[in-house]
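A.B. asks: how would this look folded up:
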Amino acid sequence: MDPLTLEVVRHALDGVCDEMGAALRRTAHSPNITEREDCSCALATPDALMCAQAEHIPVHLGAMPASLEAALAAYGDLRDGDAVLLNDPYAGGTHLNDLTLVSPVYLDGTLLGYVANRAHHADVGGEAPGSMPADATRLDQEGIVIPPTLAWRNGEPIDEMLERVVAASRAPAERRGDLRAQAGANAVGAERLRSLARRMGLEQLRAGMDALLDYSERMIRAGIQSLPDGEWSFEDRMDSTGAGRPPAAIRAAVRVREDQLTIDFGGTDPQVDGNVNAVLAVTVSCVTFVVRALCGPDVPPTAGAMRPVTVIAPEGTLVNAQPPRAVAAGNVETSQRITDVLFGAFAQAVPERVPAASQGTMNNLLIGGEGFAYYETIAGGQGARAGAGGMSGVHTGMTNTKNTPAEAIEYAYPLRILRAELRDGTGGTGRFPGGMGVRRDIEILAERATVTLQTERRASAPWGLAGGGDGARGRNALLRDGVEEELLDKCTIEARRGDVVIVETPGGGGWGEP
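C.D. replies: Have a look, this model is predicted:
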């Protein structure tokens, strides 16, 4: 296919995913989706190979192929109007809050491909509001587990199945609205793909999809060839493996041989009783993100991009957990540390192309009570790189969400934002300094509420590179009756009216000698 036509196909398919995302955000009910935009959309070929994604959430998008594979393994003969819902981390999911919906797209009886979207639902049951209890050891303690299950048939919702999900949540109206929004997003994507097929023709569309996969592969191979041949290793640690639990190490070796790349996590600590276990789909997401960042940020995010990459992640380790271990923080916190480890390894080969460590956490804050469940990841400092300082107060690594505006929080929940500001001086020193973290203070207005924190980089600091200084560590606290109490990096506590939850996020590492 000629380059001009290929670019037209590429951006047309990207546009389908962008429209799906817009429809999902505009019609969802929860601020977590409408304001924070904690959702992602993708498109696959008739052979179930990912061929387009909107630039949404990295940890969602890299795991989307596993969701599609699991859905088709359970329902290989999906018909027009069918949709499969799933969240089981051990069957195509990431963690239970992320509900994925997969739908086939037909035109006059011909399969054009598949559309899929994933959205983080603020509460899906479990032992604590927000479905990420800090002391969970089993998956079922974190919420309702949905293996790939038919949720729409011939365009009609299967109410019995959907109401199981709704009934498990502490905010059932939100869940119902968000699920309908996901179905609507897939419907938009399907119609846009059919329109594209009518305009281009079935053969031209299929040829464009296949060419796009090959193009991604060529670009990634060229990017790998720009790296020196060799092997480099790096190790970093999780501050803790759950509420009051000990740390654990993640180790990775990267091997470059001409246009082939192998990522080997051998030596990583075994899976733990806590909830920081990551399933393989999450680990592959991290690898996908880092490879694209180093070898070509403009490479189309297709299945072809991973053809030259081999991932070795031993079963039963922190990066390839096996059931029934809890995994809530594995998706949001361990993913950040995996990313740090991979960048740390590549920094030994091409330090001028690798940033210092960013904040290394998503700073998950969950507050819930009677009839409400608030969830947010809080921004922090970005690591500096050769030629540029890190940005301040941004989401980094495996997350790409926005912050929830104070007005939206106070309108939707019995909460009040007392403070939201940058933490001056928290970026690592260097020729190019790291970005600053932020501080957010939230007052609880409900009579009673359960607060969960899932955070990292409270004991360790985001590292600098090439002589740059480390970023400042983060901090969690509870202010009650004028007395401030330090909180663990991962904890679930009971709070009351007037309590103030304080979250101070880490800064990014600096790059180069000051």
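A.B. asks: for the stretch 1-150 of the chain, what spans make up the helices?
C.D. replies: Secondary structure of the stretch 1-150 of the chain (DSSP state H, counting those that start in this stretch): helices at 3-27, 31-34, 58-61, 64-74.
A.B. asks: Out of these, which gets the lowest mean score?
C.D. replies: Comparing mean pLDDT across those, the weakest is helix 58-61, with a mean of 83.
A.B. asks: any idea which of the helices of the stretch 1-150 of the chain is most buried?
C.D. replies: With neighbours defined as mean count of other CB atoms under 10 Å, the helices of the stretch 1-150 of the chain peak in mean count at helix 58-61, which reaches a mean of 26. Where C-beta positions appear, they are placed from N, C-alpha and C, glycine not excepted.
A.B. asks: I'd like to know which elements that helix is packed against.
C.D. replies: Using 3 or more CB pairs under 8 Å, 6 or more residues apart in numbering; DSSP states H and E, the elements in contact with helix 58-61 are strand 39-44, helix 280-295.
A.B. asks: For the very next helix or strand once past the last one, list the C-alpha coordinates in CSV.
C.D. replies: Right, helix 280-295. Downstream of helix 280-295, the first helix or strand assigned by DSSP states H and E is strand 309-312. Provided in CSV are the C-alpha atoms of strand 309-312 (Å, rounded to 0.1, in the frame of the first residue of the first chain):
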residue,chain,number,x,y,z
VAL,A,309,9.5,-8.2,21.3
THR,A,310,9.7,-11.2,23.5
VAL,A,311,8.5,-11.0,27.2
ILE,A,312,9.7,-13.6,29.7
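A.B. asks: distance between strand 309-312 and the chain's centre?
C.D. replies: When distances are taken as CA atoms, centre = their mean, to the nearest Å, strand 309-312 is centred 20 Å away from the chain's centroid.
A.B. asks: hang on, the earlier thing: dump the helices of the stretch 1-150 of the chain into CSV; add distance to residue 124 as well.
C.D. replies: Converted to CSV, the helices of the stretch 1-150 of the chain look like this (distance: least, CB to CB, whole Å):
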stretch, distance to residue 124
helix 3-27, 17
helix 31-34, 12
helix 58-61, 16
helix 64-74, 16
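A.B. asks: nearest to residue 174, of those helices?
C.D. replies: Of all those, helix 31-34 sits nearest to residue 174, with 8.7 Å by CB to CB.
A.B. asks: And the closest one, how far out from the chain middle?
C.D. replies: Here the centre of helix 31-34 is set off from its chain's centre by 15 Å, with CA atoms, centre = their mean.
A.B. asks: what's it packed up against?
C.D. replies: Using 3+ CB pairs under 8 Å, 6+ apart, the elements in contact with helix 31-34 are helix 3-27, strand 110-120, strand 372-377, helix 406-412.
A.B. asks: Let's have those in a markdown table, adding distance to residue 102.
C.D. replies: Converted to a markdown table, these look like this (distance: least, CB to CB, whole Å):
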| stretch | distance to residue 102 |
| --- | --- |
| helix 3-27 | 12 |
| strand 110-120 | 5 |
| strand 372-377 | 24 |
| helix 406-412 | 29 |
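A.B. asks: which one of those lies closest to residue 510?
C.D. replies: Closest approach to residue 510 among those is made by strand 372-377 (23.6 Å; CB to CB).
A.B. asks: you'd agree residue 31 is up against residue 408?
C.D. replies: Yes: counting by CB atoms under 8 Å, residue 31 touches residue 408, with 4.9 Å between them.
A.B. asks: Relative to residue 81, which of the helices and strands packed on helix 58-61 is closest?
C.D. replies: The closest approach between residue 81 and any of these, judged by CB to CB, belongs to strand 39-44 at 17.5 Å.
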